[in-house]
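In: The following block contains a protein sequence and its predicted model.
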Amino acid sequence: MDVPAGLPRRGRTLFDITDGWGGQHPLGVPFVVLTHDPPTDWTHAHTGNAHFVTDGIEAAIRRAGEIAGEGTVGVAAGTIAGHALAAGLVDEVAIDLVPIVMGSGHRYFADVDPAAVRLGDPTVIIPTPRVTHLRFPVLR
């Protein structure tokens, strides 16, 4: 996993923030963590739901596919999703748009070259009072 200069090489921010959801993902599914530094003493390792991959985004997506079998693989938004999108490993992007104004934050797909990745028109639009759910195909 290539890491831009000046950034930590740990690569498991969401996992650390949530403590790996205590070993139980909120959707009740196993999960793959792409990291340079897998935990060796994680309290919830006994659940067997977390799978740590250290050799790149392609390997992480491949491992998730093996675990999912005929199921769907989802990738959390942020840096890892951006890497997967840029690597051509994403077929569809789902965005849940919440109408709030923030003074700062992170770009949705940081470091993805907009000339290299194009999204098609939304195939699903579900408006609700507080959020609009959108799905976009990734154009090849």
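Out: Sure thing, it's come through.
In: what pairs with the lengthiest strand in the chain, and is each one parallel or antiparallel?
Out: The single longest strand within the chain, with elements called by DSSP state E, is strand 132-139. Here strand 132-139 is paired, per DSSP bridges, with strand 92-97 (antiparallel), strand 118-119 (antiparallel), strand 124-127 (antiparallel).
In: how about L34, phi and psi?
Out: phi -90, psi 120 (degrees, to the nearest 10).
In: pLDDT wise, what is it at?
Out: Predicted confidence (pLDDT) for L34: 93.
In: circling back: could you dump the strands paired with strand 132-139 into a markdown table with mean pLDDT and distance to G23 added?
Out: Using the backbone N, CA and C atoms, a C-beta is placed for each residue, glycine as well. Conversion of those to a markdown table gives the following (pLDDT from 0 to 100; distance: least, C-beta to C-beta, whole Å):
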| stretch | mean pLDDT | distance to G23 |
| --- | --- | --- |
| strand 92-97 | 92 | 25 |
| strand 118-119 | 93 | 34 |
| strand 124-127 | 96 | 31 |
